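>>> Show me the folded form of this:
(chains A, B and C)
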Amino acid sequence: MKKNGIIQNSNLLMKVSIIIITIMVFGVIFAPRICNFDPYTVDLTKRLLPPGTDGHIFGTDGFGRDLFARIIYGGRVSIGLSVCVVMVNAVLGLIIGSFAAYTGGVIDEIVMRIVDVLMSFPSIILTLFIIGVLGPSISNLFFALIVLGWIGYARMARSLVLSLKEQSFITAARGIGCNDARIIFLHVIPNVMPMIITFAALHIGSTILVISSLSFLGLGVQPPTAEWGATLSEAKQYLSLYPHMIIFPGIAIALSMFSFNMLGDGLRDFADPHLKKTIKT
Amino acid sequence: MEKMIFRRLFLGIFIMIIASLLSFVLLYLAPGNPAENILRQRTGEDPSYEEIELFLQQKDLDVPLLTQTSEWLYMALRFDFGESINTSEPVMDEFITRFKATLQLTLITLAFSIPLAFFIGVRSAANNGGTFDHVSRFFTLLAMSIPEFWLGLMLMIVFSKTLNWLPSFGYGSYLNLIMPVATLVVGYTATLSRVIRSSMLENLSQDFITTAKGNGLSQHVILIKYALRNSLGPIVTAIGSQFGHLLAGVVVVETVFSWPGIGKFLIDAVYLRDFPVIQGFVLLIAMMFVVINLITDILYTYIDPRIRYERR
Amino acid sequence: MRLIESHDLKVHFDSPAGLVKAVDGVNFHIDEGEKLVFIGETGSGKTVLGMTIMKLLPTNVFYSGQLMYKDKELINATEKEMQEIRGKNIAIIMQNPLSSLNPCLSIKEHLVQVIVKHEHLNKKEAQAEAERILIRTGIPENLLNYYTHQLSGGLRQRAMIALGIACDSEILIADEPTKGLDVTVQMQIVNLIKQITDETRKAMLIITHDLGVAAALGDRIAIMYCGRILEIGTVEEIFGSPEHPYTIGLINAHPSRGLHPIKGFGASLIDIPEGCVFSPRCQHANELCKKAEPPDMVLSETHKVRCYYASSK
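So this is what the prediction gives:
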């Protein structure tokens, strides 16, 4: 009975997170239709308005720009960029990892050594290093996130492919004359997918954090581009008198990270065979 | 055992050398000019060509890249990373001064986080599927989703700007420590307690727990002597590998609260493109990372009798 | 004196695939000093039965019927009450000693934990007692502080037995005590269990699929299939005049009788066959067998068979 309770509960959390994510994605795609104001129009007569005045739901910032519009458009950058980073990394990592495991030998050895080297640095340090050398910008941040991001997928794909290689149904597939490409697409990828999707959901959450943190520090997306971290960075100087400029972008980041984390957490419960208790008789 | 330590140290040194070489290659490919950035920062206007040339000569930056690289490596082996272009202080001296501040912040955070995380993680696992578990899972996930820089700013709004209880930045008094530590504790405790919970749950589903129950041992003994005892190894490893995560938080928190630690200094250096500092700090932090992971690996072998005896 | 008595005991699990009827209406009893063996294939519900007496099943379980320990009802007993009974009154030897022992405790520490809990001795006395018991089960004195992974399979099983007899319980449940052991070691373990329990006249419930173990250890044997007892009787009755086609099949499948397999597969505990549960595999089954489940036919005071055609074949 209790067990059912858990499953239903994590189902509920997942449903909530999926609803929030769907709303956010729609909001981001249809941003121009939702917002009454342009996020980049400066109106110095309307500086620092509190939330709710003159149709500015979240108020305005130090340049009189509509904060609500800046957050919605900021989502385009924060979520959009994170999704791009994760997709590129997932594809890259999957190809590298499964290729390395499938061919084995020297190629596998080289890939794993590169992974070792990259993993021996704390990721934040390597990111700061790359941005420090190449200069702060959105494209360099993207590059830094790609240099490090594929590792997780490659390791996962590699270990899964290695274990699948040993399993009987793959041997059976070979036995009835399936070629390598067919095996990869028909048997390996479907088996790998649940774990990859779980990992990717959590990865989107953490990427949103990295992008907004670095943008907040002035090392990622640069003002005046609307991005949550950058918006917060601009709002810092109004901290004591106009806290609404701090509160709303922060809630946007926390809410999006929370939904992706919750989604990943829920998916993991389904994907993780450990949690599916079998009854011994 | 010794073999493992040597192998890891060797790998560490090898990685350091590769990384330093790569850093110079990247430097060569990098656009922009550090001298230009620093001079602009100092005077507030674009420097002239002559000013840049003079600056480069003063800082020995006009020699060929290969010479720069080999000289730097030679010096780095003796822990001499040159001088900061910006402050003209030796990088190593800067690192030691800043490191003390960071260490203070980190150790206090760990002193609060680790016991708290154990409490939450163990109770949550013991209560798997119950109210405490649900509530703690929800809140740890929430805590993990709050960016440190935002939490720091919010604390500042509440406690320094509105209530006027705490100084919003500065270094020295214990009052200055409260908000940065609180910010770090929230995120780190959440992450660690989830690791502890899942490791505990994994062990609680093992057969030896059923045996312990079958022997009539109490819930408390089973939880501590059986489940937690077996979880310690993975938890110590997790604490080691979460070091990178903690460091990311430290970098952000130091910047938000103007805490004069390595994180803040590194961010400033990245901003100014102060290459000797970036290279030196990155290398030193990576070295610490290698050492910490080595220590946790050694600890693991002492905690887990299965590995302790295999190695002999 | 009657130690364990069950009446129409049912143990069902709620699973995603449906209701698993692991034990479905079982009647048996164990008297003082008596050894009852449950024999069955994998998935016949025999391990669940052992775990039911200890109340060690996962939370998705439903019990019904009656299960008494002396005059104590176990089905409604609280966890706290069970903690006092487990190890002290009813002890268990689990299967798979390697995974059933804590890898971070030495075998001596395992016993010390139990003895401290139930015998209220101090640490030092408990250690002396633990050493005495471990040596009694034939573990060399210099290995007492070893960890599970350092011991051989036979020694691990001895440690499990030591853990089972640590507090001199009235009943000892042994779940597949010879599983996974070399044949030579199996005999040693069976002899050890027999010797120790005979000395103390301990009642036992033995769960096994090995007829040899059953014959060597048991006073009475219950044949389990699909969560039911199909036949129960003394060792002589079961081996001398088996009545149920399944019992006969089991005995004939034994290597010494020429390895005649029973055709078909063990029934699922979710889709239980209609009528007699063994009818899909029974060569004598007719329309009646497939429609209604037979009642227990009483052949003697000790011998009962759940088959319409008992003693008529």
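>>> can you list the residues of the stretch 101-250 of chain A near chain B?
A:116-117, A:120-126, A:128-136, A:205, A:209-210, A:212-213, A:216-219, A:229, A:232, A:236, A:239-240, A:243, A:246-247, A:249-250 (C-beta under 8 Å from any C-beta of the partner chain). Every C-beta, even on glycine, is put in place using the N, C-alpha and C of the backbone.
>>> Make a PyMOL selection of the buried ones in the residues you listed.
Buried residues among those (16 or more other C-beta atoms under 10 Å in any protein chain shown), as a PyMOL selection:
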select buried, chain A and resi 120+121+122+123+124+125+126+128+129+130+131+132+133+134+135+136+205+209+210+212+213+216+217+218+219+229+232+239+243+246+247+249+250
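>>> How about the contacts made by whichever residue of the stretch 151-300 of chain B sits closest to chain A?
Nearest residue of the stretch 151-300 of chain B to chain A, counting by C-beta to the nearest C-beta: residue B:244, 3.3 Å away. Residue B:244 sits next to A:122-125, B:289 when contact means C-beta atoms under 8 Å, 6 or more residues apart in numbering or on different chains.
>>> What of residue B:271?
Counting by C-beta under 8 Å, 6+ apart, residue B:271 makes contact with A:136, A:218-219.
>>> again, only this time at 7 Å
By C-beta atoms under 7 Å, 6 or more residues apart in numbering or on different chains, the contact set of residue B:271 is residue A:218.
>>> So which bits of the helix or strand harbouring it are buried?
Residue B:271 belongs to helix B:262-272 when assigned by DSSP states H and E. For helix B:262-272, a neighbour-count test (16+ other C-beta under 10 Å) marks B:262-267, B:269-272 as buried.
>>> pull the CA atoms of that helix into CSV?
C-alpha atoms of helix B:262-272 as CSV (Å, rounded to 0.1, in the frame of the first residue of the first chain):
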residue,chain,number,x,y,z
ILE,B,262,40.5,32.7,-4.0
GLY,B,263,37.1,32.6,-5.7
LYS,B,264,36.6,36.3,-5.7
PHE,B,265,40.2,36.9,-6.7
LEU,B,266,40.0,34.4,-9.6
ILE,B,267,36.8,36.0,-10.9
ASP,B,268,38.4,39.4,-10.8
ALA,B,269,41.5,38.0,-12.6
VAL,B,270,39.2,36.5,-15.3
TYR,B,271,37.5,39.8,-15.6
LEU,B,272,40.8,41.6,-16.1
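>>> The very next helix or strand once past it vs chain C: in contact?
As assigned by DSSP H and E, the chain's next helix or strand after helix B:262-272 is helix B:275-303. No: remark: helix B:275-303 sits outside contact range of chain C, by C-beta under 7 Å from any C-beta of the partner chain, the gap being at least 8.2 Å.
>>> can you give me the helices for the chain?
Answering for chain A, as no chain was given. Secondary structure of chain A, counting by DSSP state H: helices at A:2-29, A:31-34, A:67-103, A:105-119, A:123-134, A:138-166, A:168-175, A:180-183, A:189-216, A:228-235, A:244-271.
>>> Chain C, not that one
C:46-54, C:79-85, C:97-100, C:107-119, C:123-136, C:153-165, C:183-200, C:211-217, C:235-240, C:245-253, C:287-291.
>>> With mean pLDDT as extra columns, can I get those helices in JSON lines?
Below are these laid out as JSON lines (pLDDT from 0 to 100):
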{"stretch": "helix C:46-54", "mean pLDDT": "90"}
{"stretch": "helix C:79-85", "mean pLDDT": "89"}
{"stretch": "helix C:97-100", "mean pLDDT": "88"}
{"stretch": "helix C:107-119", "mean pLDDT": "90"}
{"stretch": "helix C:123-136", "mean pLDDT": "91"}
{"stretch": "helix C:153-165", "mean pLDDT": "90"}
{"stretch": "helix C:183-200", "mean pLDDT": "89"}
{"stretch": "helix C:211-217", "mean pLDDT": "89"}
{"stretch": "helix C:235-240", "mean pLDDT": "91"}
{"stretch": "helix C:245-253", "mean pLDDT": "89"}
{"stretch": "helix C:287-291", "mean pLDDT": "87"}
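>>> Among the contacts of residue B:244, which one sits closest to chain C?
Nearest to chain C among the contacts of residue B:244: residue B:289, at 28.4 Å, using C-beta to the nearest C-beta.
>>> I'd guessed the closest one sits against residue A:119; true?
No: at 9.9 Å, residue B:289 and residue A:119 do not qualify as touching, with contact defined as C-beta atoms under 7 Å.
>>> any weak-confidence spans in the chain?
If you meant another chain, say so; for now it's chain A. A:1-10, A:168-170, A:180, A:184, A:187-188, A:271-281 (pLDDT under 70).
>>> Not quite, go with chain B.
Residue ranges of chain B with pLDDT under 70: B:1, B:27-38, B:40-44, B:59-65, B:308-312.
>>> contacting residues around the residue in the stretch 1-150 of chain A positioned nearest to chain B?
Nearest to chain B, among the residues of the stretch 1-150 of chain A, is residue A:122, at 3.3 Å (C-beta to the nearest C-beta). Going by C-beta under 7 Å, 6+ apart, residue A:122 touches B:243-244, B:247, B:285, B:289.
>>> Relative to residue C:54, how far out is residue C:164?
12 Å (C-beta to C-beta, to the nearest Å).
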